[in-house]
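> have a look at this fold, sequence not included:
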């Protein structure tokens, strides 16, 4: 989902006297991220400890992940360079290089990645996950904030969730789904939703785990290109939701939220194979000594944690596919009342979203993921 921090481009420009040679001056551009003030919505956001986690990622963990490859002579970068971090009076500020100056950009979120893009993004994700496994092997358990899950208190009594489900079911009736009643009965109530979400955070010591990016969709993936138009380099941004667990979390979100519509389901299993093949290659390069996951293990985890597939369609995808940025508000989506109902109707009946759901919902149903 879009970052909830305050983030802006900062370019400092000076009026240079004519008698000074301009060649000694250079324009610099940076991305500045800082915590929101309490009166601007910061109380809730800051209570989730998102900035301390991102600070730790940029200060310590990301450089260490990249170092696993560097010592082997491989130039690997996962994120923009962090230029400066400051923590004063409980406010964290992070200054990053502006990737736009190196011609990095996002794809059109309404269209999604085609197959050549997906292959490169999946391979980059596998590099990131493999390095995160080696970090665990070398340094031990990730800090507590990488293991926590957050759900609102009293979610079962939430008027917000009830309003969303009511709007969702009303919209489903207009989609043209065959056997509409069959799917409507599968939509989880609040208690089922919470139970399914919490089951994704159970810790099985025998299960293969990685550090998930946790917010892995196209707007958090930046790319630049060769002169011939092929993907050259990839960087990930916004590391506030990183989570230690099954790689299924990042894979579900990427495939559901950021693939062109006609490939999302037809190439689903192929995407998992691409990721798995490169994951094994990276683990071998990094001299991983334990037994790596089999492809079948990965498919089983995609089923086991299939709730990520449903939840991302219910919350993230509906906002990602809204054509207008100014309307893509999570607060509006969860707001009870007439204004919220009006926005949800617009979002849930958006033709781009409907087209996606006509593929995704039957796919989830066939795989037993909607058995809440």
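Now that the structure is in, tell me what you want to look at. The structure displayed is predicted, hence computed values, not measured ones.
> from now on I want contacts and neighbour counts done on CA atoms only, so please keep to that.
Fine.
> so what pLDDT did residue 147 get?
As predicted, residue 147 sits at a pLDDT of 89.
> next: residue 199.
Note for residue 199: predicted pLDDT of 89.
> for residue 86, phi and psi?
Taking degrees, to the nearest 10, you get phi -130, psi 140 for the backbone angles of residue 86.
> the closest residue to it other than its chain neighbours bridge partners, please.
Of all residues not flanking residue 86 in the chain, residue 93 sits nearest, at 5.2 Å (Cα to Cα, 6 or more residues apart in numbering). Beta-bridge partners recorded for residue 93 (DSSP bridges): residue 34, residue 86.
> what strand or helix carries residue 216?
Assigned by DSSP states H and E, residue 216 belongs to no helix or strand.
> my guess is it contacts residue 256, does it?
No: applying Cα atoms under 8 Å, one finds residue 216 not in contact with residue 256, separated by 10.4 Å.
> thinking again about what came up before, OK, contacts around the residue nearest to residue 86?
32-35, 85-87 (Cα atoms under 8 Å, 6 or more residues apart in numbering).
> gap between residue 296 and residue 134?
22 Å (Cα to Cα, to the nearest Å).
> who has more neighbours, these two?
The neighbour comparison of residue 296 against residue 134 (other Cα atoms under 10 Å) goes to residue 134, with 20 against 12.
> what's the closest non-adjacent residue to the more buried one?
In space, residue 134 is closest to residue 288, 7.1 Å off (Cα to Cα, 6+ apart).
> which pLDDT value belongs to that neighbour?
Looking at residue 288, its pLDDT reads 98.
> against residue 279, how distant is it?
Counting by Cα to Cα, the gap from residue 288 to residue 279 is 11 Å.
> who has more neighbours out of these two?
residue 279 (24 against 16).
> pull the contacting residues for that one.
123, 126-127, 129-130.
> which strand or helix spans it?
Under the criterion of DSSP H and E, residue 279 resides in helix 268-285.
> relative to residue 110, how far out is residue 143?
Going from residue 143 to residue 110 by Cα to Cα gives 36 Å.
> repeat that for residue 235.
From residue 235 to residue 110 the distance is 20 Å (Cα to Cα).
> my reading is that the residue nearest to residue 134 lies in a strand. Confirm?
No: assignment of residue 288 by DSSP: H, G, I helix; E, B strand; the rest coil gives coil, placing it outside any strand.
> going forward can the numbers begin at 40, since that is how I track them
Yep, numbering from 40; the last one is residue 327 now.
> ok, it to residue 174 distance?
11 Å.
> ditto for residue 394
Residue 394 is 41 Å from residue 174, by Cα to Cα.
> which one's more surrounded, those two?
When neighbours are counted by other Cα under 10 Å, residue 394 and residue 174 differ, and residue 174 comes out ahead with 19 against 14.
> mind listing what the nearest residue to residue 341 once chain neighbours are set aside touches?
Distance criterion Cα to Cα, 6+ apart; nearest residue to residue 341, sequence neighbours excluded, is residue 287 at 5.3 Å. By Cα under 8 Å, 6+ apart, the contact set of residue 287 is 337, 340-341, 344, 347.
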